[in-house]
Structure formats: structure tokens, C-alpha cells
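**Student:** below are the sequence and a predicted model; questions follow.
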Amino acid sequence: MARIDQFFHILHGLGGSDLHLSSGCTPMVRVHGTLQRLDHPALDDATLAAMLDEIIPPARRDEFAASGDLDFGYAVPGMARYRVGNGCNRYNGWTAGAGSSVGYAWRVARRWSFALEGGLGLYYMDDTRWKPRPSPVEGVLLRHYHRVVLAPAKLEVSFSYLF
């Protein structure tokens with residue numbers, strides 16, 4: 001049994017769909033669309049590399065070493081078959097935005113007050129995404145994105161006591 005199978009057993013037991021393993025981070029699973037951290041210490045580079053080395057098909061190890069990117073299938077006997085994918089993308093860009101907020105404060109008692117404030121922001125994002133080490137058959141693929149987003153910028157609730 002490969003060492004990574006313990007995480008697939010946990011994923012299967014929770015009814016999760018995705019297993020996220022990243023060097024320096026606590027393993028996470030996606031259950032019903034929400035990421036949950038597992039009660040496990042963060043994985044270091046050597047541990048994660050050894051776990052992946054156990055399950056990468058021998059014929060595809062050179063491809064992984066050359067590109068740093070690989071997709072393949074992996075089956076845990078008696079449980080399920082999983083798609084294993086590792087994606088390495090780089091981003092470069094900038095964001096600018098402006099927003100406005102409005103709020104109101106209520107005096108609840110002589111020395112107590114309650115305040116509520118909310119705001120929206122309009123953001124412009126300009127970024128480029130690429131794979132740093134494309135596979136030999138892929139070539140360098142640059143994707144340039146321009147987005148305008150209206151998003152919550154602030155939500156504040158506070159209780160205050162005046163001395």
C-alpha cells in the first residue's frame with residue numbers, strides 16, 4: 001500500500017471529491033464543495049516527493065521530471081480510481097479598484113453602541129498566466145485576462161462600550 005493511500009481512505013470516508021496536497025501545507029479535502037484541513041502535519045518537499053514517486057507510473061517519471069506537470073489515473077484497490085493531476089501555473093499582473101461604504105451606529109444603552117458598515121468595490125484586474133515548464137509537446141501558452149469585478153469590499157459589525 002502506498003503512503004498516499006491513507007489520504008485517499010480519509011477522502012473516501014468523508015465522501016469527498018478532491019484531495020489537495022502541497023508542500024509546506026496541511027493536506028486538505030474537498031467535501032460538498034468546501035475545503036477542509038485534515039488533522040495531519042504539513043507535508044515537506046521530501047515526503048510529498050516520495051509519496052508521489054510511489055504512484056507515478058515508471059514510464060512517465062521522465063515526463064514529470066522534465067515538465068513538472070503530469071496527469072494520470074491511480075486506483076486504490078477495493079475502493080476507487082482517482083485522477084491525479086499536478087498543475088504548476090505562474091501569474092503576473094496588477095489590480096486597481098475603488099469602493100464605497102456606508103454605515104450606521106445605534107446607541108443601545110447609555111454606554112453601549114452597535115455599528116454596522118458595508119461596502120462594495122469595483123476592481124479592474126489585468127494578469128497573465130503561464131506554465132513555467134511546459135511539456136515538450138505543449139509549447140508555452142500565455143493567457144492574458146482583463147476583468148472588471150464588482151465585489152464586497154467591507155463588512156463590519158462592532159459593539160462598543162464607552163468608559
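**Tutor:** In hand now; what should we look at?
**Student:** how near is the residue of the chain positioned farthest from its centre to G103?
**Tutor:** Centroid-distance maximum for the chain: R110 at 46.4 Å, with C-alpha atoms, centre = their mean. Using C-beta to C-beta, to the nearest Å, one obtains 22 Å as the distance from R110 to G103. Any C-beta I mention is one placed from the backbone N, CA and C, and that applies to glycine too.
**Student:** against K154, how distant is the residue farthest from the centre of the chain?
**Tutor:** Per C-beta to C-beta, R110 is found 29 Å from K154.
**Student:** please apply the same query to G33.
**Tutor:** 26 Å.
**Student:** which of the two has more neighbours?
**Tutor:** K154 (14 against 7; other C-beta atoms under 10 Å).
**Student:** surely that one is in contact with S100?
**Tutor:** No: with contact defined as C-beta atoms under 8 Å, K154 does not count as touching S100 (9.3 Å).
**Student:** which residues are in contact with each of those two?
**Tutor:** In terms of C-beta atoms under 8 Å, 6 or more residues apart in numbering, K154 and S100 are both contacted by the residues 119, 121.
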